[in-house]
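Novice: below are the sequence and a predicted model; questions follow.
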Amino acid sequence: MSDVCIVGIGIHPFGRTDGLSGIDQGVFAVKQALADAGIDWPDIQFAYGASDAAGNPDTMVDRLGLTGVQFINVRNGCAAGGSALSSAKMAIQSGEFELGLAVGFDKHPRGAFNALPSEYNLPDWYGEAGFMITTQFFAAKIMRYMHLHGISPETLGRVAEKAFRNAVHAPHAWRREPVDLETIMTAPLVSDPYTKYMFCSPAEGGVALILASEKKARALGKPLIRLKAAAMRTRPPGSFEVFAPSIDIDRGGSATNIASHDAFALAGIGPEDIAVAQLQDTEAGAEIMHMAENGFCKDGEQEQWIAEGRTEIGGKLPVNTDGGCLACGEPIGASGLRQVYENVVQLRGHGGGRQVPGDPKTAYTHVYGAPGVSAVTILER
Amino acid sequence: MRPIAEGLFTDEAQPRLIGGRDRTTGRIVFPCPPGSQCEPWPLQRKGTVWSYTIQRYRPKSPPYAGPDAFRPWPVAYVELPGEVIVEARLTDVPFDRIRIGMPVELTQIPLDPDAPESVMIPAFRPVEMLQ
């Protein structure tokens, strides 16, 4: 089977943009991606659009042109962008289309997400009593992980410090000022062990990726960035998920384990072959746990990895080269596609001050979200 | 004092949380889900702290129904051996004395400690007096 290639990328800077709707930011990203690919909107044969809280993506045809194009909306929690990309890949592989779009955008209010129990099949008292809080769950999750695997609070701090340091060189990032380790460690606690610098914030942004068949990509004359795998998976028994009033004593794996395993199988390579990775870091400990869940190291080895700087831009496996969610914030529909955008930049060698040295040829992305969904992609040049 | 919801606690001198036991698989969950797949299953009152954190900001309302005044509180997942791990508040323990593995037992605390007739929510407290 011939590969599906990414031939155009566009991004609206993440963060807060007063006066621009989520869809505005999505349209901005699409126009930039079209220009990058050297094509026009009427050339697009199909689109998948992801948004969680900023309206129906297909309505952007008003702004881009009423060409009659197939435009399917995707709502899949934090995996929405990954699901859009996976669907777009299959649409081309089916042979029905040869050029299409995956777009994601979002715009969330300030402060933590306020989910309601009824949306998650939970009783009202669970929310009324103050348990319906993502930060609370993520804090309890890392507290257990640190206890089992000897991860120190300072390692969490170093992950956040790296994020802000990398983001200095990423024009699309939100928080682009370096923050030193002491400031991170002594900042107010949100939920122990996490201080305010160790959690990402809900935010805004838009990302668009143009996908093409290999034949079409060659015709467009673009460097061939191959989407070798795009796997979206759900949770196995015994996983530990957000908004859980109870969990099983017999612990199981995670949606990430499954998505990662299947993506590596699809791409025919292993974790040791990856040159750069974007791993979901909605909080500092998530990056730590996801290093192991995606197979890059064993549980507990992160302590040494971080101390030795192995996930820095010049390290063995650079992780979150644009500052990840910690520095870019999290617009749910756009977040997973931002990771892929960043990997295309890296594989093209256009990363500037954040460019991974050594001419990287392989790149990995991973998102995880409620209630136990994960999406992984692998790119090769 | 009234519990925050019906079907959460047993009606006895030392109330227990009511979980649900799957009639087919025997898997125990909390709370007891509606429908006939699970039978109500009173859970043991004693367990150990499996993990915890401190909630340090007032949650958004809705869904939070607690008072406007806010003081940080500890939240734990408590392992009830052989049954299930349940999420509840911790009480009667200084934050810096909480440890994973600490023995705790079920109690009830008011959602609003300053209200005379607050609804009661599940919490665990240390089994032994802390030194």
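Specialist: That came through fine.

Novice: CA atoms for contacts and neighbours, from now on please.
Specialist: OK.

Novice: can you tell me the closest non-neighbouring residue to the residue in the stretch 51-200 of chain A that chain B sits nearest to?
Specialist: Closest to chain B within the stretch 51-200 of chain A is A:E128: 4.1 Å, counting by Cα to the nearest Cα. Once flanking residues are discounted, A:E128 sits nearest to B:Y64: 4.1 Å by Cα to Cα, 6 or more residues apart in numbering or on different chains.

Novice: distance check, the residue sitting nearest the centre point of chain A against A:G104.
Specialist: The centroid of chain A falls nearest to A:G336 when counting by Cα atoms, centre = their mean (2.9 Å). Distance of A:G336 to A:G104, given as Cα to Cα, to the nearest Å: 8 Å.

Novice: what's the overlap in contacts for the two?
Specialist: Residues touching both A:G336 and A:G104 (Cα atoms under 8 Å, 6 or more residues apart in numbering or on different chains) are A:A80, A:G81.

Novice: B:P40 and B:I4, how far apart?
Specialist: For B:P40, the distance to B:I4 - Cα to Cα - is 18 Å.

Novice: and what of A:I269?
Specialist: According to Cα to Cα, A:I269 stands 52 Å off from B:I4.

Novice: show me the contacts for residue 108.
Specialist: Just going to use chain A. Applying Cα under 8 Å, 6+ apart, we find A:H108 in contact with A:A53, A:A54, A:P202, A:A203, A:E204, A:P331.

Novice: please refer instead to chain B.
Specialist: For B:Q108, the contact set (Cα under 8 Å, 6+ apart) comprises B:M120, B:I121, B:P122, B:A123, B:F124.

Novice: coming back round to it: quick check, nearest of the contacts of A:H108 to A:T134?
Specialist: Proximity of the contacts of A:H108 to A:T134 was ranked by Cα to Cα; the top entry is A:P202 with 11.5 Å.

Novice: ok, now which ones touch the closest one?
Specialist: Each residue near A:P202 by Cα under 8 Å, 6+ apart is listed here: A:H108, A:P109, A:R110, A:G111, A:A112, A:F113, A:G329, A:E330, A:P331, A:I332.

Novice: what secondary structure does the residue nearest to A:E342 when sequence neighbours are not counted sit in?
Specialist: Leaving aside its sequence neighbours, A:E342 sits nearest to A:D322 (Cα to Cα, 6+ apart; 6.9 Å). Under DSSP: H, G, I helix; E, B strand; the rest coil, the three-state class of A:D322 is coil.

Novice: the one 5 residues further on now?
Specialist: Put simply, A:A327 is helix when judged by three-state DSSP.

Novice: how about A:Y368?
Specialist: From three-state DSSP, the assignment for A:Y368 is strand.

Novice: I figured it hits A:G336, correct?
Specialist: No: contact criterion Cα atoms under 8 Å: A:Y368 and A:G336 do not qualify, at 9.2 Å.

Novice: overlap of the contact sets of these two?
Specialist: With Cα under 8 Å, 6+ apart, A:Y368 and A:G336 have common neighbours A:C78, A:A79.
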